[in-house]
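Asker: Build me a structure from this.
(one chain, ligands or ions: 1)
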Amino acid sequence: MCNHTHNMHNETWFMRATEGDLSAEEMRQWEAHLERCDACRQMSEAMAAVDHMLRTAPPPPTLPDDFTQATMARLQRQQQRQRWLVIFASILIIAIIVWLGGSALTSALASLSRTAHILIVGRDTIINALMRTTIGLMVSWRAFLPFVVMLAAIAGLWLMPNSVLATLTMLWISKRRQEFTT
Ligand SMILES: [Zn+2]
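Answerer: All right, here's what the predicted structure looks like:
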């Protein structure tokens with residue numbers, strides 16, 4: 001049934017036939033062979049089916065052109081949201097600490113706020129005392145001039161900018177925290 005004299009039963013020939021590399025004469029022989037040879041016809045039809053499938057298969061899904069940009073924008077929005085959340089949480093925590101400062105202090109958080117509270121209130125009290133003493137001394141300032149100068153120096157120390165005091169407080173608190181954790 002099969003004509004093997006044309007040496008068509010090999011991969012090289014089949015590849016050439018599939019890729020349309022055969023000459024007109026060879027093509028004519030191949031078509032004649034296919035009519036007679038079931039194996040080659042079935043193989044050829046299978047190859048044609050596969051070829052057709054590959055040609056008509058839907059293209060692989062492609063990402064939209066602005067995919068990277070959109071993703072980056074989304075990430076940025078997310079980060080911005082997180083940043084706002086952190087700010088909001090910080091404000092909330094500070095508000096709680098300030099609120100606890102005036103009421104009963106039992107938790108560790110409250111004790112931290114109490115420390116800050118004492119620092120601020122205590123400073124005000126001492127400044128008030130110094131002011132009153134200074135005013136009192138001003139009545140007879142000639143006699144107490146050295147004391148007035150000394151008190152003024154101390155008052156100057158206590159009247160440091162809030163930022164300096166806050167920095168020192170933060171340093172103290174972080175040092176205490178390190179002692180707790182280590
Ligand atoms: Zn054949």
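Asker: For I87, grab phi and psi.
Answerer: Dihedral pair for I87: phi -60, psi -40, per degrees, to the nearest 10.
Asker: Now do the same contact list for F14.
Answerer: M8, C40, M43, M47 (Cβ atoms under 8 Å, 6 or more residues apart in numbering). Every residue, glycine included, has its C-beta placed from N, CA and C.
Asker: Out of these, name the two that are farthest from one another.
Answerer: M8 and M47 (13.9 Å; Cβ to Cβ).
Asker: State the distance from the spatially most central residue of the chain to N128.
Answerer: The centroid of the chain falls nearest to Q79 when counting by Cα atoms, centre = their mean (6.0 Å). Going from Q79 to N128 by Cβ to Cβ, to the nearest Å gives 47 Å.
Asker: what secondary structure does P58 sit in?
Answerer: Following DSSP: H, G, I helix; E, B strand; the rest coil, P58 is assigned to coil.
Asker: tally of neighbours for it?
Answerer: For P58, the neighbour count with other Cβ atoms under 10 Å is 5.
Asker: How about the one 5 residues further on?
Answerer: Here the number of neighbours of L63 (other Cβ under 10 Å) works out to 9.
Asker: which SS class is it?
Answerer: Of the three states, L63 takes coil under three-state DSSP.
Asker: measure it to Q69 for me?
Answerer: Noted for L63: a distance of 11 Å to Q69, by Cβ to Cβ.
Asker: Contact partners for T133?
Answerer: Contacts of T133 (Cβ under 8 Å, 6+ apart): L151.
Asker: What helix or strand is it located in?
Answerer: helix 108-139 (DSSP states H and E).
Asker: could you measure the closest residue to the ion within the chain against A46, distance?
Answerer: Residue nearest to the ion within the chain: C37 (3.0 Å; Cβ to the ion). Look at C37 and A46: by Cβ to Cβ, they are 14 Å apart.
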